[in-house]
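> For reference, the sequence and a predicted model appear below.
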Amino acid sequence: MSASLYNEDSLPDLLPIYYKRLFPHTALHKWLCYGDPNVSNRREISFTLVGDIYLRYQSFENAEDFAQALHKRFPVKIDIGAIYKQRLESSGSYSSSKTPVEREIVFDIDMTDYDDVRTCCTGAGVCPKCWKFMVIACKILDGALREDFGFENILWVFSGRRGIHCWVADKKARILDDNQRSAIAEYLTLLRGGLVVRKVKFFNMHAATERALKVIDEYFEKSILVEQDILGTYERLDAFLGNIDEGFSPLFRDAMTKVQTSVERWKAFVNTFQTLQREQKIPKHYRYMVEEMKFYYAYPRLDINVTKSLNHLLKAPFCIHPKSGKVSVPFKPKFIEHFDPDAVPTVSQLLDEINTYDAKTKAQEKDLAENSQTSVKIKDYKKTSLLKYVTIFCEFLRGLQASAARNRAIKNGTVMEY
Ligand SMILES: [Zn+2]
């Protein structure tokens, strides 16, 4: 549909309509307050306006107040900050005495952190091949957060272009301080963008590491070896061998250069490793070299500064990415395999969908009116492909409500915690 083509220059004209007709401000506000009206004016919501004007430390009295600000300012970006101990002034003023007290634990995974291992695209580019890095990251992190930490209310969001965000919203997560957040971030970090920690080093295979390895193994051959072709050139082979101790790397190089493809070279690497191990030439601290290499290429690369601090801002779901025009939509981690970033609607597409729907129903409404019947007015987002993403978000809200009800019941002693 050519009319749906998004043009960045038209964003200032599209945003007012998007906020007025489609943006789920009531649901978003409900989440940010966790059903407590006293939280609304303590939760930081910052706006970035056209022309890079930042409005930080804003808060709103209620959902209506929030909606009015959106309709007046139509921000290019909305960021969510912490809940503060004290009320934030709606004017956005801030004094250093204000203390952040609660905040979801957040994770930000950006494709650019994979630039030294992905070979299909660079920079802002993303394709189904490199999207697999996000699939692996989401599956590993979601598994660790649920199984190792017992978190349940986790919202996953596509950033709108080339990354994913994760919000852990359980009460026990929201009240963690900076040190506790750092500990979780460190636990989940084996790689730091390939920059600080070049090598992955295991001394023991922890249960969490084994679980992560299982996920990586599902994708390693097809996505990493074949599609990313990580060993397909001498340059890539050098980068690979650069992760191995200089004392050993020539042994691997000899075997790996005798064959051509990434799959063959990987097999040569594993075979050489196994032979050396049988001959007891591999020191004990290198016994996980094969697994470490898989982690180097496929383990989630987190921007841990985002996770570590209680008052770090993160973009709200349902914002429009200014470059791609795509909506930052929630998705279910269970189905990330089938999530196609290319299929995420742009703001232009959504507005077209409303028009198409309205044109189609106009004739029907005319018929109804002639027969003195009234038509049912439906909300605009329900006329568009945004509906399924709003539905996912509302399911997340229902999960939070159920957890809150359960916690209240435990507190009141009406159910036993088990
Ligand atoms: Zn790609």
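Nice, I can see it.
> Would you map the strands across the chain?
All strands of the chain, identified by DSSP state E, fall at 43-49, 53-55, 77-84, 100-102, 105-110, 154-158, 163-168, 314-315, 330-331.
> for the first one, packing partners?
When you say that, I think you mean strand 43-49. helix 25-33, strand 53-55, helix 63-73, strand 77-84 (3 or more C-beta pairs under 8 Å, 6 or more residues apart in numbering; DSSP states H and E). For the C-beta atoms, the positions are set from N, CA and C on the backbone; glycine is no exception.
> Quick one: mean pLDDT over it.
For strand 43-49, mean pLDDT is 96.
> ok, now the longest one?
Averaged across strand 77-84, pLDDT comes to 96.
> That strand pairs with which strands, and in what direction?
Strand 77-84 has its sheet partners listed here by DSSP bridges as strand 43-49 (antiparallel), strand 100-102 (antiparallel), strand 314-315 (antiparallel).
> Taking strand 105-110 as reference, get the angle to that strand.
150 degrees (axes from the mean of the first three to the mean of the last three C-alpha atoms, to 10 degrees).
> now the helices for the stretch 151-300 of the chain?
171-174, 178-188, 207-219, 234-241, 249-257, 262-278, 289-298 (DSSP state H, counting those that start in this stretch).
> Could you dump those into CSV with distance to residue 341, mean pLDDT and mean neighbour count added?
Below are the helices of the stretch 151-300 of the chain laid out as CSV (distance: least, C-beta to C-beta, whole Å; pLDDT from 0 to 100; neighbours: other C-beta atoms under 10 Å):
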stretch, distance to residue 341, mean pLDDT, mean neighbour count
helix 171-174, 27, 96, 18
helix 178-188, 23, 92, 16
helix 207-219, 17, 92, 16
helix 234-241, 25, 95, 15
helix 249-257, 34, 95, 16
helix 262-278, 25, 97, 17
helix 289-298, 19, 92, 21
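> JSON lines for those helices, including distance to the ion?
Listed next are these as JSON lines, based on distance: least, C-beta to the ion, whole Å:
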{"stretch": "helix 171-174", "distance to the ion": "32"}
{"stretch": "helix 178-188", "distance to the ion": "24"}
{"stretch": "helix 207-219", "distance to the ion": "14"}
{"stretch": "helix 234-241", "distance to the ion": "15"}
{"stretch": "helix 249-257", "distance to the ion": "25"}
{"stretch": "helix 262-278", "distance to the ion": "16"}
{"stretch": "helix 289-298", "distance to the ion": "15"}
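> In JSON lines, list these along with distance to residue 368.
Formatted as JSON lines, the helices of the stretch 151-300 of the chain follow (distance: least, C-beta to C-beta, whole Å):
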{"stretch": "helix 171-174", "distance to residue 368": "48"}
{"stretch": "helix 178-188", "distance to residue 368": "55"}
{"stretch": "helix 207-219", "distance to residue 368": "52"}
{"stretch": "helix 234-241", "distance to residue 368": "64"}
{"stretch": "helix 249-257", "distance to residue 368": "72"}
{"stretch": "helix 262-278", "distance to residue 368": "62"}
{"stretch": "helix 289-298", "distance to residue 368": "56"}
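> how about CSV for the strands of the chain, with distance to residue 299 and mean neighbour count added?
Converted to CSV, the strands of the chain look like this (distance: least, C-beta to C-beta, whole Å; neighbours: other C-beta atoms under 10 Å):
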stretch, distance to residue 299, mean neighbour count
strand 43-49, 32, 21
strand 53-55, 34, 13
strand 77-84, 27, 22
strand 100-102, 30, 17
strand 105-110, 11, 22
strand 154-158, 18, 23
strand 163-168, 15, 23
strand 314-315, 22, 20
strand 330-331, 21, 21
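> To residue 304, which of those lies closest?
Minimum separation from residue 304 across the strands of the chain (C-beta to C-beta) falls at strand 105-110, 8.7 Å.
> Taking helix 178-188 as reference, get the angle to the closest one.
Going by the same axes, to 10 degrees, strand 105-110 makes 40 degrees with helix 178-188.
> any idea of the mean pLDDT in strand 105-110?
On average, strand 105-110 scores 96.
> From the recorded domain assignment, give the ranges for this structure.
Residue ranges for the domains of the chain, per automatic domain parsing: 1-109+152-192+302-418, 110-151+193-298.
> Spatially nearest residue to residue 82 (excluding sequence neighbours)?
Spatially, and ignoring its direct neighbours in sequence, residue 82 is nearest to residue 100 (3.5 Å; C-beta to C-beta, 6 or more residues apart in numbering).
> got the contact list for residue 185?
302, 304, 307, 308 (C-beta atoms under 8 Å, 6 or more residues apart in numbering).
> Just the closest of those to the ion, please.
Nearest to the ion, judged by C-beta to the ion, of these is residue 302 at 19.8 Å.
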